[in-house]
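J.: Quick one, fold the following:
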Amino acid sequence: MNRLTLLGIVILSFVAFVLMSVFYESRVIIQIDEWLIQHIQRMESTILTNCMKFFSFIGSGWVVGILAIGVIILLILLKHYLEIIILVVTVCGSVLLNMYLKLLFERARPTIHPIIIETGYSFPSGHSMNAFTFYGIVTLLMWRHLPSHVGRILLFVFSLFMILTIGMSRIYLGVHYPSDVIGAYLASCTWLIVVIFVAPLKKSLN
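T.: Numbering: from 1, shown residues only. Below is the predicted model:
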């Protein structure tokens, strides 16, 4: 992936996030949010609720921190010290960015049938940002060391599944609006591409 493509992606994701942050309180977005929440929660069942609670747990900050430590240990064993720095900067930067954005927008959480109770502000979703940033950077770093196309595809599919399912779990559990999750993905994409753009990685991402 060349730098011009990365620049295009980061501009698009940043502009899309700005638009979402401006219009998430508009009547149209609120109506879409409420409609999606109601339709997603129509699938409610004991089994699905337990599954969504599990994926929500996986996306929590301290679990992501433990997973990041596991990846760091692997990178130490492989002697990829530069990639450790990139991983730490990416994950920690995402956490700080999410904290700042929540304080900036101060959006209240949804009140439509919350299955679990969460405190703090709603926009953008912290779990969704954690998932996108962590699985995104891990996929990037591991992609460069996987010689098999099948291995790369499996890694990408697994990461995409985790990102989408963790985001969906937050909507299903009633603690985030869909626009919170989409905003989180856009903010994380912007941050992740900035890191990729400036990181001194030697190997091609192709």
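J.: center of this protein, which residue is that?
T.: For the chain, residue 132 is the residue whose C-alpha lies nearest the centre (Cα atoms, centre = their mean; 2.5 Å).
J.: Just to check, residue 86 is in contact with residue 198?
T.: No - Residue 86 lies out of contact with residue 198 (Cβ atoms under 8 Å); the separation is 9.8 Å. Where C-beta positions appear, they are placed from N, C-alpha and C, glycine not excepted.
J.: Correct me if wrong: the residue nearest to the centre of the chain contacts residue 188.
T.: Yes - Residue 132 is within contact range of residue 188, at 3.7 Å (criterion: Cβ under 8 Å).
J.: thinking again about what came up before, for the residue nearest to the centre of the chain, give its distance to residue 191.
T.: Note on residue 132: its distance to residue 191, by Cβ to Cβ, to the nearest Å, is 9 Å.
J.: Likewise for residue 161?
T.: From residue 161 to residue 191 the distance is 21 Å (Cβ to Cβ).
J.: These two: which has the busier surroundings?
T.: residue 191 (25 against 12; other Cβ atoms under 10 Å).
J.: From residue 9, how far out is the more buried one?
T.: Between residue 191 and residue 9 the distance is 12 Å, computed by Cβ to Cβ.
J.: Could you double-check that residue 38 sits in contact with residue 112?
T.: Yes - with contacts counted by Cβ under 8 Å, residue 38 reaches residue 112, the gap being 6.9 Å.
J.: where exactly do the helices run in the protein?
T.: 3-23, 27-41, 46-58, 61-77, 81-105, 126-143, 149-172, 178-198 (DSSP state H).
J.: So which residues lie in contact with the second one, not counting its own?
T.: Helix 27-41 is touched from outside by 20, 23, 110, 112-113, 115, 168, 171-172, 174, 177-179, with contacts defined as Cβ atoms under 8 Å, 6 or more residues apart in numbering.
J.: got the buried residues for that helix?
T.: The neighbour-count criterion (16 or more other Cβ atoms under 10 Å) identifies 29, 33, 37, 40-41 as the buried residues of helix 27-41.
J.: Return it as CSV; C-alpha atoms alone will do.
T.: Taking C-alpha atoms only, helix 27-41 is exported to CSV below (Å, rounded to 0.1, in the frame of the first residue of the first chain):
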residue,chain,number,x,y,z
ARG,A,27,-32.8,14.3,14.0
VAL,A,28,-31.9,12.0,11.1
ILE,A,29,-29.0,10.4,12.9
ILE,A,30,-30.9,10.0,16.1
GLN,A,31,-33.8,8.3,14.3
ILE,A,32,-31.4,6.0,12.5
ASP,A,33,-29.7,5.2,15.8
GLU,A,34,-32.9,4.4,17.6
TRP,A,35,-34.2,2.3,14.7
LEU,A,36,-31.0,0.3,14.5
ILE,A,37,-30.9,-0.3,18.3
GLN,A,38,-34.6,-1.5,18.3
HIS,A,39,-34.0,-3.9,15.4
ILE,A,40,-30.8,-5.2,16.8
GLN,A,41,-32.3,-5.8,20.2
